[in-house]
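**Q** Show me the folded form of this:
(one chain, ligands or ions: 2)
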Amino acid sequence: MTENLKKIKKCYGCGVVLQSESTEEVGYVPANILSRDDVFLCQRCFKTHHYSADKLHSPSVTHDFMNLIKDIKAKKALVVYVVDVFNFESSFNPEINEALSGLDIILVANKFDLLPKSTNEEKVKEYVARKVKKEGLNVKTIIVASSTRNYNIDEVLDEMAKYRNKGDVYFIGAVSSGKSSLIKTLLRNFKNETSRFITTSIYPNTTLAVQEIPISETRTIYDTPGISINNSLLGLAEKEVVKLIVPRREIKPRTYQLLPKQSILIGGIARFDYVDGPFSGFTFYFAEGVKLTRTNTNRADRTFNNMIAHKKSKPISFLVTGVQDLDAFEFTTHEDLKYDVSWNGLGFVSFKGNGRVVRIYAPRGVAISYNESKI
Ligand SMILES: Nc1nc2c(ncn2[C@@H]2O[C@H](COP(=O)(O)OP(=O)(O)OP(=O)(O)O)[C@@H](O)[C@H]2O)c(=O)[nH]1
Ligand SMILES: [Mg+2]
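**A** Ligands and ions are numbered 1, 2, ... in the order given. The predicted structure is shown next:
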């Protein structure tokens with residue numbers, strides 16, 4: 001569903017709008033390159049600024065991770081792939097998926113407790129299943145779970161017993177998806193073990209080295225360092241901001257009825273404009289600590305910049321000093337479905353209907369996506 005996603009990209013070097021129609025005009029970038037999420041410079045600036053291509057799209061997976069995958073493949077070990085349902089688009093990462101291809105996987109859609117109580121578990125599972133199928137992963141089973149609430153964790157244990165073929169089990173996933181928390185709860189349920197100290201925290205990169213955890217004489221499970229997702233706000237923002245954007249408990253959705261040309265400012269860090277369409281409801285799923293401010297679009301730039309200047313909203317980050325630091329994306333819905341637009345690491349907005357034109361602003365480097373709704 002990305003074919004009608006139009007990104008309004010501006011060149012960071014010279015500020016012109018990027019385009020792929022004419023090599024003669026300013027802002028030219030070849031179409032196949034412009035469609036990528038990690039292109040920030042027009043061809044002219046790219047050539048003259050000596051920006052290294054590596055810097056613009058360094059891969060998420062590291063050498064260490066690929067070596068770990070080699071070991072897992074050699075051992076034919078089972079993988080428990082832990083994704084975060086609240087940050088699904090960033091934690092179900094294409095590079096991790098590619099590395100995991102061919103391996104036997106149990107997929108745990110963790111942090112289900114963060115979604116509103118009314119969320120249909122089966123619908124979430126079906127959504128994840130569709131994504132898994134698209135990626136061609138060898139997922140044996142999908143479990144919607146909560147590590148901190150001990151929800152469906154026994155099912156994870158049962159499925160591990162079923163698929164591990166007496167071998168080892170590796171817990172893999174993006175940073176902060178909850179791998180260590182899941183293992184902690186598993187151990188507690190499995191043998192009432194409380195002696196093993198496993199560190200978890202809201203900040204990315206908590207587990208720094210592979211941890212071997214023997215669970216019997218012959219069986220070992222491995223906690224592994226998370227993969228940093230370099231286009232997620234969680235990895236880019238300062239600690240004070242991470243504290244505000246990570247939800248601790250069930251999200252309270254906030255719904256706004258909007259007319260075209262109305263906007264919602266998301267802290268001093270992102271923005272959502274309703275560009276065109278009928279009077280409609282838009283539901284915002286963000287942590288409590290994220291302040292939402294409604295305004296008319298024609299005043300949105302000024303209000304946004306003022307809020308940052310006077311620290312009148314939350315969060316405010318060094319990443320965004322004004323609206324000029326936001327990338328804009330625009331898209332039109334073409335089916336009468338429920339849609340989600342998400343900011344990696346920050347949250348998402350759901351709305352329904354055909355012919356809605358919305359514009360999404362994200363801090364530079366933070367990926368956005370839009371999909372049929374997962375909830
Ligand atoms: N609400 C909620 N929070 C969770 C859940 N599982 C983990 N968390 C929280 O998510 C944060 C990250 O958890 P960790 O277990 O440290 O995540 P990790 O995947 O091991 O992280 P790295 O070691 O950095 O890769 C912590 O604040 C946990 O309390 C869950 O099921 N629900
Ligand atoms: Mg960890």
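
**Q** make it CA atoms for all contacts and neighbour counts henceforth
**A** Fine.

**Q** Assign the most centrally placed residue in the chain to helix, strand or coil.
**A** Geometric centre of the chain, nearest residue: S90, 2.4 Å, by CA atoms, centre = their mean. At S90, secondary structure determined by DSSP: H, G, I helix; E, B strand; the rest coil is helix.

**Q** Next, the buried residues of stretch 352-364.
**A** Using 16 or more other CA atoms under 10 Å as the test for burial, stretch 352-364 gives K352, G353, R356, V357, V358, R359, I360, Y361, A362, P363, R364.

**Q** circling back: got a list of what the residue nearest to the centre of the chain touches?
**A** I229, N231, S232, N344, G345 (CA atoms under 8 Å, 6 or more residues apart in numbering).

**Q** Please tell me how far it sits from ligand 2.
**A** Distance, S90 to ligand 2, using CA to the ion, to the nearest Å: 17 Å.

**Q** circling back: quick one: the buried residues of stretch 352-364 as a markdown table, columns for secondary structure, pLDDT and distance to ligand 1 too.
**A** Converted to a markdown table, the buried residues of stretch 352-364 look like this (DSSP: H, G, I helix; E, B strand; the rest coil; pLDDT from 0 to 100; distance: CA to the nearest ligand atom, whole Å):
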| residue | secondary structure | pLDDT | distance to ligand 1 |
| --- | --- | --- | --- |
| K352 | strand | 96 | 27 |
| G353 | coil | 95 | 30 |
| R356 | coil | 94 | 32 |
| V357 | strand | 92 | 32 |
| V358 | strand | 93 | 29 |
| R359 | strand | 92 | 29 |
| I360 | strand | 92 | 26 |
| Y361 | strand | 93 | 26 |
| A362 | strand | 93 | 23 |
| P363 | strand | 92 | 22 |
| R364 | coil | 88 | 23 |
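
**Q** With distance to ligand 2 as new columns, can those be given to me in JSON lines?
**A** Shown next, in JSON lines, are the buried residues of stretch 352-364 (distance: CA to the ion, whole Å):
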{"residue": "K352", "distance to ligand 2": "36"}
{"residue": "G353", "distance to ligand 2": "39"}
{"residue": "R356", "distance to ligand 2": "40"}
{"residue": "V357", "distance to ligand 2": "40"}
{"residue": "V358", "distance to ligand 2": "36"}
{"residue": "R359", "distance to ligand 2": "35"}
{"residue": "I360", "distance to ligand 2": "32"}
{"residue": "Y361", "distance to ligand 2": "31"}
{"residue": "A362", "distance to ligand 2": "27"}
{"residue": "P363", "distance to ligand 2": "26"}
{"residue": "R364", "distance to ligand 2": "27"}
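
**Q** For G167, which non-adjacent residue is spatially closest?
**A** In space, and not counting its chain neighbours, G167 is closest to A77: 5.7 Å by CA to CA, 6 or more residues apart in numbering.

**Q** Up against ligand 1, what does the stretch 151-300 of the chain have?
**A** Taking CA under 6 Å from any ligand atom as the contact definition, the stretch 151-300 of the chain meets ligand 1 at 174-181, 200-202, 204-207, 225-226, 248-249.
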